[in-house]
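*Asks:* below: sequence and its predicted model.
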Amino acid sequence: MSRIFKYAFIIFWTLFVLAPLSWALVTSFKTPAAVNQGATFIPWVQFDPTLDGWQDILGISGYANLIPNMINSMIITFFASLISVTLGGLAAYGLSRFRYGWKYYGNSDIIFFFIAQRILPPVVLAIPFFLLLKNLQLLDTHLGLILVLTSGLMPIVVWLMVDFFNQIPREIDEMAMLEGCNPFQAFRKAILPLSKPGIAISAIFAVIFGWNDLFFALVLTFTKVKTLPAAVVALNGTVTPFWTLAASAIFSILPLLGFVFVVERYLAKGGFSGAVR
Amino acid sequence: MGIKFYKRLFLLPGLLLLIAIIIFPLLFSIRVSFSSWNVSRSGLDFVGGSNWARMWSDADFWGAMLRLLNFGVVTTSIQYILGFMLAHYVWQGIKSGRFFRLIWLVPLMTTPSIMAIVWRSIFREDIGAANGLLKSVGLSTIGWSTEIVPAMFTIYVAEIWQWTPFMFLFLLAGLLILPKEPFLAAEIDGSTPTRTFWRITLPLMAPISIGAILIRLIESSKIFDSIFVLTSAGPGNATETPTYFLWKRSLTEFQIAYGATLALTYLIVMIIVLTIVAKVLTYISRPRGW
Amino acid sequence: MSLELKDLGITDGTDMILEGITYTFEPGRVYVLMGRTSSGKTSLMRTIAGLLDFTEGDMYFNGEDFDVLPTWKRSTSMVYQQFINYPNRTVLGNVLFPLLRSGLSKEEAKSKALEMIDKVGLSNFVDRKPGQLSGGQQQRVAIARALIRNADILLLDEPLMNLDYKLREQLREDFRDLFTASKNSVTIYATTEPAEALLIGDELLVMHEGRVIQSGVPAEVFENPNSVAVAQIVNEPPMSVLTAEISNGTFSIGHRMKSQVPVHLVGVPDGEYQAGFRASELTIGSEGDMTEEGEVDVAEVAGSETLVYLNTPTGYTIVQEKGIHQYISGDKVGITIPPERAFLFDLSGNLVVAPGN
């Protein structure tokens, strides 16, 4: 009995996951007329598929071109994630291994400070960032958005990596230091090789959250630098061309999917299970 | 080059960069909340606590905050339950487990705002898939964006679709790390699956569960993308959440000073609420003998 | 090249983790630290290694002030009690790691490493990763790694504790040979087992609650523990300490058993004392002047001996019997106490007289 429920649930959930994506995929091949007719689902049976939607967003038909936007997103996400994972990872290692303090504040307060950045809704920082970037002439630039996103991504990295580093026995660092490595060398040679799964997960989340940002992109960039989510949502603002929207939805999902598939192999189970018994 | 140098080398670059990026905005927000910067008057004058007083009696603001209770708590709970079920099934083993695992992770790799557009197209009353399906089986259509409950439902669906995989991933990772011994012991003692779950699995998963729930609560409280695209806080302001409300006030109506006040209030309230929730959850899940 | 500690202490605000440690360690000798868990052995070793900061006193090595020298600049090696190795490197990689910074060429380093691996008997496992080795093998890798640099100070923190009995005995022998090879190093070895101290150590330091309470040649300390605390630490199983009294030429234990004052106690003033007896010197049976009846609490077989824990009217007693004997809790047996083997301590625990050999 419970087995029936189990598989029913699994099938239901899988269908639920695939539903909106397949709807978008199907719709992306519809003509405007087909879309306005009403809801149809099966190509060739209920409507004639075309490539209009795709041509519209890839700059072929002159309506819009999402490729530059995708490249912008890639550049910005790449650098924001890189900085976040590097500096965040180093900070997390420090917080894991050393005791910091200033008056009554200690490690957990510092970690809380990092995490508090995530509690702040982007809106809190939107206007000030706008003014700040304006003064620094960084509005509508890659660098401006990269810096702003980094402030939101570093906390995620720190949160994940501190926990992760805490699980690697401190004795390994000590061994390396006894054997002549200064703490930075110990980190690089002894701990980093063991940290691949943690770095992979942090990188995945940093990239996902960086890529998906809508708010800051809307507020801080306009014409010269437009990220993919912002561009797609802008398309939505005018007359709603569903077929292109569906195409753009599918189009914007692919890079992220690609990235995760590539990085997933590093998520093998921890490499340090053989260190201490 | 003593240890102090290295201590600083690790922590300071990241910490200082973070402080550098947000210190100005934060201080600015605090300062401007005491001014009256809005669409007609820009500049930092000083009006004392008038914005703050206005905040206290702003029914719309607090209404939006309360709605967070609805959205945040309901969606996080459902995501937790569904996510746990999925993780549990995968952990125990299902046929073609790897295939399902990859498929279930896909929503996490989509862009929420863009998916919201897809959901919008599904829930359009005239040409959307939802009403289309209802019509084809003979049921009457639903006003997805014109009535309150359906509007909330669409937000739930979008959020649950988007973020349950996160819970799934997190909880699965936690389950995989669990030691085998308690389960072997339970099996030897003849425990039923239900008992094993409630008495062993769930308690052992308590720390990870709390972490996942807190993370989702923090993130879902900022819910904006789906509201912006799907309902525009409609109908009326039935689905208006704090972030949307703040966005409206600060960036469309240009009430910068008041917006900053609301934002800081939001921050303080969230920190207090989250700390309480964290403590309560930790308390409930503390180990008890039986 | 000696290691000097002067009045070394560590406090964490409320407790003294280490207190007033003053000692000079000479190169080429093996020093054994004995003490119960949390007596400060590990803290002392970690302080010498530089992993723990000390708050009071001084530490000098070869004249250099160790206070300012960070761990990675000291010439120290350490073997931990839980086998720690670099899990992502092979045995060879592990043993090579310490040599990476020594300026040797790749070939030289490799041959030195292989030589050391051979010395610890792991030549067949050169390409395995630690996760694929047994506990004893992992510990031997750790030992090879520690020895290969020929560091000036070699620290071993209960390295055999997590291994099984047989392995311990075997490695103890190996240690003796391995240590004689480190002629120029200060070797400090922590353990709770008296057998190891006797076998390996040139000098013994007994630690208790953060202080060194006795030091000297191991055999000396065993024969003349200066206090009950030391006696309990250096005897495994612990001594049975019973109340004793000397009056009018009579030596009595627990106000019940009496005998003539034994030879080594002649001249001790009358009064109340504590008498300690080694478990191996008490016997089950009822012959002799001092016997009493006790009830078996627990009996366990260890190796080829039986340890019998007894409740007696005089106190809790432990007897170590040769051979394997069966006892059930509650059995009533007789215990014979040899007065001539009494270690006499005064009421504050200090040694008055020890039985000679």
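*Replies:* Happy to help now that I have it. This one's a predicted model, so the numbers in the text were calculated from it and none came from an experiment.

*Asks:* wouldn't residue C:149 be in contact with residue C:97 here?
*Replies:* No: contact criterion CB atoms under 8 Å: residue C:149 and residue C:97 do not qualify, at 9.9 Å. Using the backbone N, CA and C atoms, a C-beta is placed for each residue, glycine as well.

*Asks:* any shared contact partners between these two?
*Replies:* Listed as contacting both residue C:149 and residue C:97 by CB atoms under 8 Å, 6 or more residues apart in numbering or on different chains are residue A:179.

*Asks:* give me the residue from the stretch 51-200 of chain B nearest chain C.
*Replies:* Of all residues in the stretch 51-200 of chain B, residue B:177 sits closest to chain C, at 16.8 Å by CB to the nearest CB.

*Asks:* got a pLDDT number for that residue?
*Replies:* Per-residue confidence (pLDDT) for residue B:177: 76.

*Asks:* need the helix or strand of chain B with the lowest average pLDDT.
*Replies:* Taking mean pLDDT, DSSP states H and E as the measure, chain B has helix B:129-136 as its least confident helix or strand, at a mean of 77.

*Asks:* give me the buried positions along it.
*Replies:* B:129-132 (16 or more other CB atoms under 10 Å in any protein chain shown).

*Asks:* packing partners for it?
*Replies:* helix B:112-123 (3 or more CB pairs under 8 Å, 6 or more residues apart in numbering or on different chains; DSSP states H and E).

*Asks:* just to revisit the earlier point, next, the angle from the least confident helix or strand of chain B to helix B:112-123.
*Replies:* 20 degrees (axes from the mean of the first three to the mean of the last three CA atoms, to 10 degrees).

*Asks:* next up, the contacts around residue C:33.
*Replies:* So residue C:33 contacts C:41, C:44-45, C:188-191, C:205, C:207 (CB under 8 Å, 6+ apart).

*Asks:* pick the one among those closest to chain A.
*Replies:* Closest to chain A, out of all of these and judged by CB to the nearest CB, is residue C:45, at 11.2 Å.

*Asks:* can you tell if the helix or strand in which the closest one is found touches chain B?
*Replies:* Element membership for residue C:45 (DSSP states H and E) is helix C:41-49. No: for helix C:41-49, no contact with chain B is found by CB under 8 Å from any CB of the partner chain; the gap never falls below 13.2 Å.

*Asks:* could you point out which element follows that helix?
*Replies:* strand C:56-61.

*Asks:* ok, that next one: who's next to it in the sheet?
*Replies:* Using DSSP bridges, the strands paired with strand C:56-61 are strand C:3-11 (antiparallel), strand C:64-65 (antiparallel).

*Asks:* and the residue of the stretch 101-250 of chain C nearest chain B?
*Replies:* Per CB to the nearest CB, the residue of the stretch 101-250 of chain C with the smallest distance to chain B is residue C:101, at 14.8 Å.

*Asks:* over to the stretch 101-250 of chain A?
*Replies:* Nearest residue of the stretch 101-250 of chain A to chain B (CB to the nearest CB) works out as residue A:128 at 3.2 Å.

*Asks:* list the residues that contact that residue.
*Replies:* Going by CB under 8 Å, 6+ apart, residue A:128 touches B:24-26, B:28-29.

*Asks:* give me the residue ranges of the chain where confidence is low.
*Replies:* Using chain A. For chain A, residues meeting the criterion pLDDT under 70 lie at A:1, A:34-48, A:60-63, A:237-241, A:264-277.

*Asks:* chain C was what I was after
*Replies:* Across chain C, the ranges flagged by pLDDT under 70 are C:181-182, C:357.

*Asks:* check it for the residue nearest chain A and tell me.
*Replies:* residue C:131 (2.2 Å).

*Asks:* so how far is residue C:121 from that residue?
*Replies:* Separation of residue C:131 from residue C:121 (CB to CB, to the nearest Å): 19 Å.

*Asks:* would you mind giving the secondary structure of the closest residue to residue B:72 other than its chain neighbours?
*Replies:* Spatial nearest neighbour of residue B:72, chain neighbours left out: residue B:220 (4.8 Å); criterion: CB to CB, 6 or more residues apart in numbering or on different chains. Classification of residue B:220 using DSSP: H, G, I helix; E, B strand; the rest coil returns helix.

*Asks:* which ones are touching residue B:220?
*Replies:* B:71-72, B:75-76, B:159, B:163.

*Asks:* quick revisit: and the contacts of residue A:128, which is closest to residue B:190?
*Replies:* residue B:26 (58.2 Å; CB to CB).

*Asks:* can you name the next helix or strand after the strand or helix carrying that closest one?
*Replies:* Secondary structure assigned from DSSP H and E places residue B:26 in helix B:3-32. For helix B:3-32, the succeeding helix or strand toward the C-terminus, using DSSP H and E, is helix B:50-56.
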